[in-house]
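**Student:** below are the sequence and a predicted model for it; my questions follow.
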Amino acid sequence: MKWVEQYEKMSEKDKEKFQVTANRLLNKTFLVYGKDKDRQYYRFVEKNLEVFQGYFSIAKWDLLHHKRLSVFQLYNIEEKNRYRFNLQETIFLLILRLLYDEKQKDLQLTRDIVVAGFEIQEKYMALQIKDRLPSKEEMRRILRMLSGYSLLELKTGDYKDPEAKYVLYPSLKMVVDDARLDSMGELLGMDDFSIELEESDEDLEREDEEQEDIETEDIETEDITGEGEH
């Protein structure tokens, strides 16, 4: 297998990075170039894509590269290891996708899509799905969990703070695709639905803390611009 030969030719340092990056993909499902903490891993996968795809294929995982959105997605072709969203989590996912689309229309391609906590709350009530907001603790739990999968990131404030600012990432379009968005009413009538996610947000937070010191400057690649080849 060609990818095995390519792996064997890696330096010991790159082999260590390979292990860290593979584990991060398994934990997070997505790597988003626009997210600062993901960028070094995104570049490393991009540079060694054939090796990663060959490695994951052994365990029946497919590594997809959404070039236009600058997102890597790990997907189990046997549909295992799926995280099952409950109804409340599903509502939040749909709200975030709606806000993502609304904000994207008003921004240039290169700018971050930012929403405030109160905008999420207002959208929740505007949809008239339920007659009141979930508790602050429940909102905090859901938003932290979604952040752990590189779907959004808290930039300022606290998860319970209406004035908190979040960056929304294009990986949301992988979780709530256009088909699911178009059938929103039908989707909300379900008890839950599943996608390819695993690991708790506590596990992901611990992983981020353990790997915070990894140096980024030794991973060299060209910056991504526009919609060209990455």
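**Tutor:** Arrived safely, thanks for sending.
**Student:** in this protein, which residue is most central in space?
**Tutor:** Ranked by distance to the mean C-alpha position of the chain (C-alpha atoms, centre = their mean), the top residue is S150 at 3.0 Å.
**Student:** look up how far V175 lies from K60.
**Tutor:** With distances taken as C-beta to C-beta, to the nearest Å, K60 is found 21 Å from V175. Backbone N, C-alpha and C define where each C-beta goes, glycine included.
**Student:** rewinding a little: so the residue nearest to the centre of the chain: helix, strand or coil?
**Tutor:** Using DSSP: H, G, I helix; E, B strand; the rest coil, the structure places S150 in coil.
**Student:** do R132 as well
**Tutor:** Classified using three-state DSSP, R132 is coil.
**Student:** per-residue pLDDT, it?
**Tutor:** The confidence metric pLDDT takes the value 81 at R132.
**Student:** distance check, it against Q121.
**Tutor:** R132 is 11 Å from Q121, by C-beta to C-beta.
**Student:** and these two? which has more neighbours close in?
**Tutor:** Between R132 and Q121, counted using other C-beta atoms under 10 Å, Q121 has the larger neighbour count: 15 against 7.
**Student:** can you tell me the element the more buried one falls in?
**Tutor:** helix 117-126 (DSSP states H and E).
**Student:** isn't V115 up against L99?
**Tutor:** Yes - in this structure, V115 is within contact of L99 by C-beta atoms under 8 Å, at 5.0 Å.
**Student:** give me the common contacts of these two.
**Tutor:** L168 (C-beta atoms under 8 Å, 6 or more residues apart in numbering).
**Student:** which residues in this protein form strands?
**Tutor:** 30-32, 61-66, 71-76, 83-85, 113-116, 152-156, 165-168, 193-195 (DSSP state E).
**Student:** any regions of this protein where pLDDT drops low?
**Tutor:** Under the criterion pLDDT under 70, the flagged ranges of the chain are 108-110, 184-230.
**Student:** in terms of secondary structure, what does the longest helix along it contact?
**Tutor:** As assigned by DSSP state H, the longest helix anywhere in the chain is helix 87-106. Counting contacts by 3 or more C-beta pairs under 8 Å, 6 or more residues apart in numbering; DSSP states H and E, helix 87-106 is packed against strand 113-116, helix 117-126, helix 136-148, strand 165-168, helix 172-175, helix 178-182, helix 184-188.
**Student:** hmm, try it at 7 Å
**Tutor:** Judged by 3 or more C-beta pairs under 7 Å, 6 or more residues apart in numbering; DSSP states H and E, the packing partners of helix 87-106 are strand 113-116, helix 117-126, helix 136-148, strand 165-168, helix 172-175, helix 184-188.
**Student:** return the most buried member of the ones you listed.
**Tutor:** Comparing the helices and strands packed on helix 87-106 by mean neighbour count (mean count of other C-beta atoms under 10 Å), helix 172-175 ranks first with a mean of 22.
**Student:** understood, closing this out.
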